[in-house]
Every structure is written in structure tokens, then in C-alpha cells.
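Colleague: Using only what follows, build the 3D model:
(one chain, ligands or ions: 1)
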Amino acid sequence: MYAIEIENLTKKYGNFKAVDELTLNVEEGIVFGFLGPNGAGKTTTILSMLGLIIPDEGTISILGYDVFKEPIKVKERIGFLPENATIYGELTAWKNLEFFANFYNLSKQEKEKRIEELLKLVGLWDVKYRKVKTFSKGMKQRLLLAQTLINDPEVLILDEPTSGLDPEGAFLVKSIVKEERKKGKTVFFSSHILSEVEELSDKVGIIVKGRLRALGTLEEIKKQFMELEGYEIKIETKQPLPEIALPGIIRVEYLNNKKAIIFAKNDIREEISEYLSKNGITIVSLEIEEPSLEDVFLKTIYKR
Ligand SMILES: Nc1ncnc2c1ncn2[C@@H]1O[C@H](COP(=O)(O)OP(=O)(O)OP(=O)(O)O)[C@@H](O)[C@H]1O
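Modeller: Predicted coordinates for the structure are as follows:
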């Protein structure tokens, strides 16, 4: 079963399509990175997943439950961290968590145990009785994350969870995501920070102007990209390179007489290798230069 299934989601504001026929599935137990520039439609998709926005078209189910028809069943099993979450500044960290814990059917003991565990997890145990209005942005975000985890959710939905955090705060958020994944939980998070998506995600979706432009593991996305944009094959030989003219080659850029980058329509390493060995040339290395997620992301945004 998929943890999250989004089918043909469309949300319009007037005539403007904020999300346009979006279809994607997230397998259980993985971290899914939802990547897109500002205004791409990430938050609109996430709010639809929570049933907080009613889309014009499409269906969404989480853990097999339709989010619009069975909202309570869904909410019991998920944790949601909004992009601009609010927090009760006049309450202490402990009281904030207690307030949210009260929404769930937990005994006093279970509640206290859970709050203690979470405050320790996010590094706020020593300041548990301090009013939250005295907290830094990073401390508040950590408390919000603890709040998101209060019901030990099976699926975590995090909208730009590291936005505005310093490197230490971002590190803590990322380590919590990794810990949850280890426990078998599913995490869906949105971001426009490439390094973070690359570091955390088992699967990535790239959304631009409301449309899903790429979907898959990083490897799959890079492969799809190379199939569209062409392959860069780096070669180094022992003897000087002869002129290489093989079907599929777009151009060759010689770095010196024994090193070159071959731009090709497909992966023609075998053909190159055969051709050179026929000409008595020994290959030192012959490798595909993989695009970075940044190459893929930027070209996806600006080119297509
Ligand atoms: N209530 C609304 N009324 C009109 N337009 C809206 C509304 N909410 C969002 N939009 C528009 O829909 C588009 C998608 O917005 P959304 O907030 O989903 O993007 P996002 O990818 O989350 O962006 P960001 O990274 O900046 O948070 C934007 O162009 C935004 O201006």
C-alpha cells in the first residue's frame, strides 16, 4: 500500500491553476522530498493533503483513507508541520505540548512520558518551563516539530521544515527526519533547498508552476534528465585520442590530446570503447558525468 496517493489534483484560484493535474504516490517508510521554487504549488498541495483546501479536481488518500471523506482517520495518523506554524508564546514548552497531547486519547502517564521523550529529542528538556515567547526561532521550530510528533504519527508532512533555521537548527530537524524514517515512518517534506532534498530523500518530486515535472529516485530523475538533455561522457586514454565520429555523438570537447568530454544522445560508452580498441588506443577511464540535482532543478525550472 502507498502511504500517500495523489491522483489528478487540480486547484484553481480564479482562472489561475496553482496545482495542475498532479499525480504522485509515496511508498510507505520512505522520505519524499517535494521540491519546487517559490510559488510552485507545494503548500497548496500539502494543504489539500490535509483536507484544509478543497481542490477543484482529484483524489488524495493517506494510508488508504480518503482525506476528504475520512478526515478524522487521517488526522489521527499524521503529523503536520505548517510553513508558518503558530505557537502559544505565553505558555511554557511543556504546556504547549500538553495542550496538543490533550487532543489524543492518552492517559496522564502516557502523556507525560511522551512529552518528556519529545522535549529530550528536540533538545528543549532544560528549558521546558520557560515561556515560549523567550525562545529563538530555532527553538520554536524544534518545539513545533515535537508538537508534530506528539501522536507518534505514521506519516509526517512537513512544509519547509528548515526554513529560516541556522545550520545547527537545520541539522537537528534533518536528524529527526532520519530517525523517524529509521522507525519505519513515512515523511513527506517540501523544500527549495537542494542539498537538503538530496541528503534526505529516497524519492523526489519536482513541481514547477503547479505541474509535476519529474518524479522518482534521484538516480531515476538524473537518468530521465540525461535521456532528455544528453549524456556527458568523460574519457582519458594512454595514447593521443583520434577523431571520434560515432552515431549518437553531438560534439566532442577536447581537454587535451588524451582527455575529452563527449556529448552524446545516449550512453555510447561501449561503442566508444570498441572503436578505440580497434584503433589500438588504451582507455584509462571512461565515465558518465552525472548531472547534479542543481543542474536538473535549474534546467527544469527555466528550460521547459
Ligand atoms: N488563497 C490564494 N489565492 C490566490 N492565489 C493563491 C492563494 N494561495 C496560493 N496562491 C497562489 O498559488 C501559487 C502556489 O502557491 P503555493 O503557496 O502553493 O506555492 P509554494 O510552492 O508553497 O511556494 P513557497 O515556496 O513560496 O511557499 C502561487 O502563485 C500563489 O500566489
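Colleague: Output the set of residues of the protein in proximity to the ligand.
Modeller: On the criterion CB under 6 Å from any ligand atom, the ligand has as its neighbours in the chain the residues 13, 18, 36, 38, 39, 40, 41, 42, 43, 44, 83, 192. Bear in mind the C-beta positions are built from the backbone N, C-alpha and C, glycine included.
Colleague: ok, residue 54 - how many residues close by?
Modeller: Other residues within reach of residue 54 by the criterion other CB atoms under 10 Å amount to 9.
Colleague: before we move on, what SS does it have?
Modeller: State at residue 54, reduced to three classes by DSSP: H, G, I helix; E, B strand; the rest coil: coil.
Colleague: How about it, nearest residue that isn't a chain neighbour?
Modeller: Excluding the flanking residues, the one nearest residue 54 by CB to CB, 6 or more residues apart in numbering is residue 68, at 7.2 Å.
Colleague: Can you tell me the centre-most residue of the chain?
Modeller: Closest to where the C-alpha atoms of the chain average out (CA atoms, centre = their mean) is residue 33, at 1.0 Å.
Colleague: From residue 161, how far out is it?
Modeller: 11 Å (CB to CB, to the nearest Å).
Colleague: Next, please give the residue ranges for the helices of the chain.
Modeller: When assigned using DSSP state H, the helices of the chain occupy the ranges 42-49, 71-77, 93-101, 108-121, 137-148, 167-182, 194-200, 218-229, 269-278, 293-302.
Colleague: so which of the ones you listed comes closest to residue 259?
Modeller: Evaluated over the helices of the chain, closeness to residue 259 peaks at helix 269-278, with 13.2 Å, by CB to CB.
Colleague: end-to-end on stretch 54-63?
Modeller: 19 Å (CA to CA, to the nearest Å).
Colleague: Centre of the chain to it, how far?
Modeller: In terms of CA atoms, centre = their mean, to the nearest Å, the gap separating the centre of stretch 54-63 from the centre of its chain is 20 Å.
Colleague: mean confidence for it?
Modeller: Taken as a whole, stretch 54-63 has a mean pLDDT of 96.
Colleague: Tell me the buried residues in that stretch?
Modeller: Taking 16 or more other CB atoms under 10 Å as the basis for neighbour counts, the residues of stretch 54-63 that come out buried are 55, 58, 60, 61, 62, 63.
Colleague: of all these, which two lie farthest apart?
Modeller: Maximum pairwise distance in the buried residues of stretch 54-63, criterion CB to CB, is 19.2 Å, between 55 and 63.
Colleague: so what's residue 304 scoring on pLDDT?
Modeller: If you check residue 304, the pLDDT there is 50.
Colleague: What distance do you get for the residue nearest to residue 54 to the ligand?
Modeller: Residue 68 sits 18 Å away from the ligand when distances are taken as CB to the nearest ligand atom, to the nearest Å.
Colleague: Tell me who's in contact with the closest residue to the ligand within the stretch 101-250 of the chain.
Modeller: At 5.8 Å from the ligand, residue 192 is the closest residue in the stretch 101-250 of the chain, using CB to the nearest ligand atom. Counting by CB atoms under 8 Å, 6 or more residues apart in numbering, residue 192 touches 35, 36, 37, 38, 160.
Colleague: taking these one by one, which sit in strands?
Modeller: Among these, DSSP state E puts residue 35 in strands.
Colleague: who touches both of residue 33 and residue 161?
Modeller: When contacts are counted by CB under 8 Å, 6+ apart, residue 33 and residue 161 have 189, 191 as shared neighbours.
Colleague: so where's this structure shaky on pLDDT?
Modeller: Counting by pLDDT under 70, the chain has low-confidence residues at 303-304.
Colleague: Could you give the number of residues near the residue nearest to residue 54?
Modeller: The number of residues packed near residue 68 is 15, by other CB under 10 Å.
Colleague: And it, how far from residue 51?
Modeller: Shown here: residue 68 relative to residue 51, a distance of 6 Å by CB to CB.
Colleague: go on, residue 108?
Modeller: 30 Å.
Colleague: and the two? which has more neighbours close in?
Modeller: Ranked by neighbour count (other CB under 10 Å), residue 108 and residue 51 place residue 51 first, with 19 against 8.
Colleague: Just list the residues touching that one, thanks.
Modeller: So, once contact is read as CB under 8 Å, 6+ apart, residue 51 ends up touching 67, 68, 71, 74.
Colleague: Mark which of those are buried, thanks.
Modeller: Those of those that meet the buried threshold are 67, 74, by 16+ other CB under 10 Å.
Colleague: between the contacts of residue 51, which is nearest the ligand?
Modeller: Relative to the ligand, the closest of the contacts of residue 51 is residue 67; by CB to the nearest ligand atom it sits at 16.7 Å.
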